[in-house]
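> Got a predicted model here, sequence first, then my questions.
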Amino acid sequence: MSVVLAHHWGVDVDKCLLAALLHDVAKPFPKSQQAELLENCRIVQVTDEDRSYPSIWHGMIAAQEGMDRWGVTDDDILDAVIHHSTGRKDLSPVGMVLYIADFTEPSRNWDGVEQIRADILTKPIREAAREVAQRKLVRLQEKGREAHPHTRAMADWLHLNAQKGN
Ligand SMILES: [Fe+2]
C-alpha cells in the first residue's frame, strides 16, 4: 500500500518501502518486552504521555531496532516509523504515506474503509492525511479513548494548512 501511494503522490518509493517493512517489526513483541525496550530507546525522547499509550510503543522501538540491527539512519524513514500510528505536526511526505497506508491497507476492514481508500486517491497527500487524521480522532472518540497529543497536533496542523490553502 505504501508503494502504491508513494508512486501515486510522487514520494520517494524506496524510503516508503523501507519504512513500511520496518514499521511493525516490534508489534508482535510481548508488552513486557516492549516496555523494557521503550526505556532503552535513544532515538526518541520518550515522554510520560507516550508511556501511557502502549499501542504506540512499537513504532518507537521499531525505529530503534532499525537503527541498531539494520543500520537504518535516514531521518525520514525513522521518523515515519516512530509516528506511524499518531502522525505529528510537520510530518514528512514519507511519514504521511506510511500513516495513510497503515490506516487504509487491504487487511483493514472497519466500517467505511473502502470509501476512504477510494477518497484518498482523489486528493493531494496532505488532504488525504487530514482525512485519515480526522477519521482517527472520530474512531478514538467512539471508543471513548483519549487521543495522543501527536494525533491532535497532526489533525490541527493539517486543518490549519487546509485553511491557508496549502
Ligand atoms: Fe503499527
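Okay, I see it.

> so how far is Thr122 from the residue nearest the centre of the chain?
In the chain, the C-alpha nearest the mean C-alpha coordinate belongs to His84, at 1.6 Å (C-alpha atoms, centre = their mean). Per C-beta to C-beta, to the nearest Å, His84 is found 23 Å from Thr122. For every residue, glycine as well, the C-beta is placed using N, CA and C.

> longest single helix anywhere in this protein?
helix 125-142 (DSSP state H).

> what's in contact with it?
Outside helix 125-142, the residues that touch it by C-beta atoms under 8 Å, 6 or more residues apart in numbering are 9, 11, 87, 91, 93, 96-97, 99-100, 103-104, 110, 112, 116, 119-121, 123, 146-147, 151-152, 154-155, 158-159, 161-162, 166.

> how close does Lys143 sit to Leu137?
Going from Lys143 to Leu137 by C-beta to C-beta gives 11 Å.

> Looking at these two, which has the bigger crowd around it?
Each of Lys143 and Leu137 has its neighbours counted (other C-beta atoms under 10 Å); Leu137 has more, 15 against 7.

> just checking, what packs against the next helix or strand after the longest helix of the chain?
Under the assignment DSSP states H and E, the closest C-terminal helix or strand after helix 125-142 is helix 149-163. The contact analysis (3 or more C-beta pairs under 8 Å, 6 or more residues apart in numbering; DSSP states H and E) places helix 149-163 against helix 125-142.
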